[in-house]
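Asks: Sequence unavailable; structure follows:
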Ligand code: DGT
Ligand code: MG
């Protein structure tokens, strides 16, 4: 097989997803990607995150791969695909499917765990422990003796919010937001926030910015050129949208000095937002950034999750820098802020190739 000689070295020699373009919909290997995503999801709901990560990385390679994989030899050369997954791909090449993925899709336990983990406030560990207690339905979960506040809200709002973490092909997933749904909500927020303070700058991020057709939530950065205005901004935005009858519940709130610490110091608030045309409550994540934090917030909240992971790993290992949504820093003690004002500047300083948001879908 002479095909392997002309492969772009970027696809063979890097384990950093942030160095290569990954489209939303793979041009090649689409069915294979879909099957591996089922297995990734099964590992996730079984709380085997390391193993899930191996699948995510293999999936990312296949999504960015410039052609259909056709040979066993080819798989072996690709960095990021280990022997276990390589074997599954091989069996896919022979049979057109992966038996394990087919089994998972028929497995009631898998679907129940997926359902539980889709409740706001319920992680994979809790979902598993509830399953082990014998819970099988949402009603069972509602009867759990010591639900946290977040879980009580999540269960109360379940029919609205359950789309949040369910994959698009899940049988439970019927209410994800189209781009039009997101735009309807975004326009309402924009109008109200501009009325509140015309100086505010709004920027939708997350999957919507990456071009996703079906969205779990709207992630929205709000910023203001006046640093003094920023501390009171979130309260004002929430108050005005609550008074307008749009925000129905506060789901989660983190102050900028919150203990979530290293990962994210940006002030944020997740809310249930009533979409007028459908009367469904949708999750909107507000993220507040000062002007000097804006560029890093943009890079940090556009995603995908795997893209962010690889970017942070690249910054640390290859550049001795720390990238976070609130800023780019030197990896020293104490850390020193490296001022940045645009997304492109961050890419340049990190030395990673510029990728449009649509190409960060690893
Ligand atoms: P979705 O909402 O399920 O359709 O898909 P995404 O890709 O919009 O995912 P989402 O909304 O969970 O998160 C948007 C991006 O923002 C994600 O790719 C990584 C980042 N992100 C999410 N949560 C956090 C967080 O708590 N801190 C930081 N720094 N980034 C986050
Ligand atoms: Mg999102």
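Replies: Nice, thanks for sending it over. As the structure is a prediction and not an experimental result, all values here were calculated from the model. Numbers count the residues shown, from 1 in each chain. Ligands and ions are numbered 1, 2, ... in the order given.
Asks: hey, let's count contacts and neighbours off CA atoms from now on
Replies: Noted.
Asks: hmm, who's touching the host helix or strand of residue 161?
Replies: Using DSSP states H and E, residue 161 sits within helix 158-161. Residues from elsewhere that reach helix 158-161, judged by C-alpha atoms under 8 Å, 6 or more residues apart in numbering: 119-120, 154, 175, 272, 280-283.
Asks: And the strands in the stretch 201-350 of the chain?
Replies: For the stretch 201-350 of the chain, the strands defined by DSSP state E, counting those that start in this stretch cover 201-204, 217-224, 247-254, 267-275, 280-290, 321-324, 327-330, 337-338.
Asks: Same question for the first one: list its buried residues.
Replies: By that I understand strand 201-204. 201-202, 204 (16 or more other C-alpha atoms under 10 Å).
Asks: which parts of stretch 154-161 are buried?
Replies: In stretch 154-161, counting by 16+ other C-alpha under 10 Å, buried: 154-155, 157-158, 160-161.
Asks: One more: stretch 241-255?
Replies: 241, 246-247, 249-251, 254.
Asks: thinking again about what came up before, of the contacts of helix 158-161, closest to ligand 1?
Replies: Closest to ligand 1 out of the contacts of helix 158-161 is residue 283 (8.8 Å), distances taken as C-alpha to the nearest ligand atom.
Asks: And the buried residues of stretch 154-161, which is closest to ligand 2?
Replies: Nearest to ligand 2 among the buried residues of stretch 154-161, counting by C-alpha to the ion, is residue 161 at 12.6 Å.
Asks: any idea how far the closest one lies from residue 182?
Replies: Residue 161 is 14 Å from residue 182, where distance means C-alpha to C-alpha, to the nearest Å.
Asks: Could you do residue 17 as well?
Replies: Distance from residue 17 to residue 182, by C-alpha to C-alpha: 27 Å.
Asks: picking up where we left off before, could the strands of the stretch 201-350 of the chain be laid out in a markdown table, adding mean pLDDT?
Replies: Compiled in a markdown table, the strands of the stretch 201-350 of the chain are given as follows (pLDDT from 0 to 100):
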| stretch | mean pLDDT |
| --- | --- |
| strand 201-204 | 98 |
| strand 217-224 | 97 |
| strand 247-254 | 93 |
| strand 267-275 | 95 |
| strand 280-290 | 95 |
| strand 321-324 | 97 |
| strand 327-330 | 97 |
| strand 337-338 | 96 |
